[in-house]
Each structure stands twice: as structure tokens, then as C-alpha cells.
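**Q** Fold the stuff below for me.
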Amino acid sequence: MRAFISLLLVLGVAGCGLFGQKEGSRAGTEGQLPYKAKLSAGEDKRDVQISVSAGPASVDAVRESVRFEATKYCLFKYGSSDADWAIDPATNDWAFSRSGDTLTFSARCAAR
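**A** Coordinates of the predicted model:
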């Protein structure tokens, strides 16, 4: 009898997430982001670089696309969405490098 109850509990817990998925329960955006961002982790996996091919666009124009990728990565990898962005001391805004049409930003996941 104990074995049967234990088996039921194990199967019940294992199946908790299979049938209760609600629409919108996965990480995603409410709408289309304006630019496609690509994230790559550094040697220390908390350090990330996010690249966006955005032509002559400004930091403000690509900010949400970049922020979404960093937030998603930090949240799933480290349990917190906080990212510390590299700051340009001249502008006091996010630092970035531009190579042709590509803007590259750096951040570090703040958790752990």
C-alpha cells in the first residue's frame, strides 16, 4: 500500500507541469521587438555581450531588444533578471561599440 501511494505521489509531481501550461506562461514578448538581438556569454558565464544589427539606429531605438535578451538569460541562468550594464562615462548611458551596422553592448548578470 505504501509503495502504491509513493508511486502515485511521484507520478503526480512529475506530471505537474505537463497539463497545467497556460497561454503566456513561457518567457516571451507581448509584441514584436524592433530588432533581433544575439547574446553570447563570456568566459565567466555571467558576463554577456548582446549584438544587434540595427543600421544607424541609436541606443534608445535598440534598448528594449537588447534588454530583453539580457533579462531572459540572467533570469533563466541565475534566477534574477538584474543585469549591470557597462556604462560610457562620457554619456552616462549604456556603453556600446559599433562595427558597421552592428551595435554590441556588454552586461553582467547581477545575481549570485
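**Q** Next, name the residue at the spatial heart of this structure.
**A** Nearest residue to the geometric centre of the chain (C-alpha atoms, centre = their mean): Lys72, 2.0 Å.
**Q** what's the pLDDT at it?
**A** Note on Lys72: pLDDT of 94.
**Q** part of a helix, is it?
**A** Yes: applying DSSP: H, G, I helix; E, B strand; the rest coil, one finds Lys72 inside a helix.
**Q** for stretch 34-43, which positions count as buried?
**A** Under the neighbour-count criterion of 16 or more other C-beta atoms under 10 Å, stretch 34-43 has Tyr35, Ala37, Leu39 buried. C-betas here are computed from N, CA, C, even on glycine.
**Q** separation between the residue nearest to the centre of the chain and Asp47?
**A** Going from Lys72 to Asp47 by C-beta to C-beta, to the nearest Å gives 16 Å.
**Q** mind listing what Gly42 touches?
**A** Listed by C-beta atoms under 8 Å, 6 or more residues apart in numbering, the contact set of Gly42 reads Val48, Gln49.
**Q** returning to that earlier point: how close does the residue nearest to the centre of the chain get to Gly42?
**A** Lys72 sits 17 Å away from Gly42, going by C-beta to C-beta.
**Q** Likewise for Ala61?
**A** Distance from Ala61 to Gly42, by C-beta to C-beta: 25 Å.
**Q** Quick check: of the buried residues of stretch 34-43, which lies closest to Asp88?
**A** Checking those against Asp88 with C-beta to C-beta, the nearest one is Ala37 at 18.8 Å.
**Q** The closest one touches Ile50, doesn't it?
**A** Yes: between Ala37 and Ile50 a contact is recorded at 5.2 Å, counting by C-beta atoms under 8 Å.
**Q** okay, and the common contacts of those two?
**A** Val66, Glu69.
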